[in-house]
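[1] What would the 3D arrangement of this be:
(chains A and B)
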2 protein chains.
Amino acid sequence: MNNYSSKLLESAVAELSRLPGIGKKTALRLTLHILKEDATYAENLGNAIMRLRDEIKFCSKCNNISDLQVCEICSNPKRDENTICVVEDIRDVLAVEKTSQFNGLYHVLGGIINPIEGIGPNDINVAHLVRRVNEEDIREIILALPATVEGDTTNYYIYKLIKTFDIKVTTIARGVAVGDELEYIDEITLGRSILNRLPFSETN
Amino acid sequence: MNNYSSKLLESAVAELSRLPGIGKKTALRLTLHILKEDATYAENLGNAIMRLRDEIKFCSKCNNISDLQVCEICSNPKRDENTICVVEDIRDVLAVEKTSQFNGLYHVLGGIINPIEGIGPNDINVAHLVRRVNEEDIREIILALPATVEGDTTNYYIYKLIKTFDIKVTTIARGVAVGDELEYIDEITLGRSILNRLPFSETN
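    Below is the predicted model of the structure:
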C-alpha cells in the first residue's frame, strides 16, 4: 500500500495513520473523503487540529481542559467545593457529568500509574492533588479510576498520600452493571458485589 | 456528550466526527490523543490535511491523484499505452498495481453511477474517457468496477458509449475468490463461475 503517486497524499495518509485505531487503509479512505469534500472542510479540520494543540488551556484548579484559566465547573458557585472526584481524563469528567449524580468538583490526573507503559506517579497530577488537599477545604475525595490493576494501584498510591489528612476517601461502587445477567459476569466482580451488598431499599 | 468545557475541543471533535466511520466518541478519543502528542504532530497533521486539499493535482490524462501534471504511471514509457483499465477511484489503482499483473494505463472515474446517491454519468469522468478513446491509440478497455448493481450499470453505460469504436472491451473475471469454500459463496457468484469456467490448465 505504498507508492501513492503523490507525496501530498502520502503525507496525509502517514499523519492520519498515526492516530490510534487508524491503519493505512482507513487513513487512505479518510484522505480520499477529505479530497471529495469542499475545500473549506479541509481548511476547518486542519485549523481545528492546529488551534486545539496551540491554544488549549488546562484549568489551573482541576486540570480539566478549558478555554479559560479556571474551567466552568470549578468556577460554578453552585457546585460543592468540599467534594472532589478524582478521574483519569476528561472523558471520565464527561461520563460522570452525564449521570447528573455528582455536584462536586473534579481533579483530572491526566493518566494512571502504569509501570509497563512507563507512567509513574510523577507523570500524572498527583502532587497537584495533594496541594489541593492542603490548601482547599476538602471533606471527601471520591476515587473514580478504572477498575483495573493500574486503576487500583493509583487508588492505593493516592490513598497513602492523603490518609493522614482528615478527609473521607471513597471509591465508586463496583458490582453488577444494570442490565447484566449474572451468568456472564466474572467471578471477581460478582464476588465483590456480594461482599458489598446493600440493604434492599437503597438498591431500588 | 456535549458541553465539552472548551470550544477548541468541541470544534476539533465536531470536525473529526464528520469523517466517515468516526463518531463523536472516537473523535473525542482522537482529539485527546492529539493533545497528548508533541505539538509538532498536531502541526504536521493539520498542515498535511490543508496542503492536501489545496495543492493536490489530478493527472490530466488518467485523472489519478498526482503531484505532477501527468502522473508517474502515464508518463512511464515502459507501460503499454494501448490498454486502459477503468477504475472507480485511486484505491483501485493501488489494488491493481499491487497485483503486478497489469502493465497498461488507468482511467480513474472518480465514482460510479449511483442514482440513489444522485451520482449520474455527468458527475464522473466518462466524457473524458470517450475523448481518450477518440484521441489515443487504445486497443483494449478493461472495465474493473465493483461487482455491484452500480458497477454493472456503469459498465453498461460505458460499453454503450464506446462500442462503436474498434476497441476490445473486457471486464475483470468474477468468480470464486482464492481460499473460498464453495458452501459459503452466494449462488449468483457460484453460478457465474460455472458459466465462465476455464480449461483446467489455465486455472493452475
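[2] In chain A, which helix is the longest?
    Looking across chain A with DSSP state H, the single longest helix is helix A:39-55.
[3] The helix or strand that comes right after it packs against which elements?
    Sequence-wise, the next helix or strand downstream of helix A:39-55 (DSSP states H and E) is strand A:57-58. Using 3 or more Cβ pairs under 8 Å, 6 or more residues apart in numbering or on different chains; DSSP states H and E, the elements in contact with strand A:57-58 are strand A:65-66. Bear in mind the C-beta positions are built from the backbone N, C-alpha and C, glycine included.
[4] what about the helix or strand just after the strand it packs on, average pLDDT?
    Using DSSP H and E, the helix or strand that directly follows strand A:65-66 along the chain is strand A:80-87. Averaged across strand A:80-87, pLDDT comes to 94.
[5] right, and the helix or strand after strand A:80-87?
    Next element after strand A:80-87 (DSSP H and E): helix A:90-99.
[6] next SSE after that next one?
    From helix A:90-99, the next helix or strand downstream (DSSP H and E) is strand A:104-108.
[7] Mind giving me the packing neighbours of that next one?
    In terms of contacts (3+ Cβ pairs under 8 Å, 6+ apart), strand A:104-108 is packed against strand A:80-87, helix A:90-99, helix A:126-135.
[8] circling back to that earlier point, can you give me how far the longest helix of chain A is from the chain middle?
    The chain centroid and the centroid of helix A:39-55 are separated by 23 Å under Cα atoms, centre = their mean, to the nearest Å.
[9] Buried ones in that helix, by neighbour count?
    A:41-42, A:44-53 (16 or more other Cβ atoms under 10 Å in any protein chain shown).
[10] Stretch A:73-83 now?
    Buried positions in stretch A:73-83, judged by neighbour count with 16+ other Cβ under 10 Å: A:73-74, A:79, A:83.
[11] mind giving me the domain ranges of chain A?
    When chain A is parsed with automatic domain parsing, its domains come out as A:7-55, A:75-172.
[12] Please identify the deepest-packed of the ones you listed.
    Of all these, domain A:7-55 has the most neighbours on average by mean count of other Cβ atoms under 10 Å in any protein chain shown, namely a mean of 18.
[13] Compute the first-to-last residue distance for that one.
    Its first and final residues considered, domain A:7-55 spans 29 Å by Cα to Cα, to the nearest Å.
[14] Show me how far that domain is from its chain's centre.
    Centroid separation for domain A:7-55 versus its chain: 24 Å, with Cα atoms, centre = their mean.
[15] hmm, back to that, what does the longest helix of chain A rub up against?
    By Cβ atoms under 8 Å, 6 or more residues apart in numbering or on different chains, the list of residues contacting helix A:39-55 from outside reads A:34, B:8-9, B:11-12, B:14-16, B:18, B:31, B:34-35, B:39, B:41-43, B:45-47, B:49-50, B:52-54.
[16] again, only this time at 6 Å
    A:34, B:8, B:11-12, B:15, B:39, B:42, B:45-46, B:49-50, B:53 (Cβ atoms under 6 Å, 6 or more residues apart in numbering or on different chains).
[17] which element is A:Asp152 on?
    Going by DSSP H and E, A:Asp152 is in helix A:149-162.
[18] between that helix and strand A:80-87, how big is the angle?
    140 degrees (axes from the mean of the first three to the mean of the last three Cα atoms, to 10 degrees).
[19] what comes into contact with helix A:149-162?
    If you take Cβ under 6 Å, 6+ apart as the criterion, helix A:149-162 is touched by A:112-114, A:121, A:130, A:133, A:143, A:145, A:169.
[20] how about a cut-off of 8 Å?
    Applying Cβ under 8 Å, 6+ apart, the contact partners of helix A:149-162 are A:86, A:88, A:109, A:112-114, A:121, A:124, A:126, A:129-130, A:133, A:141, A:143, A:145, A:169, A:171.
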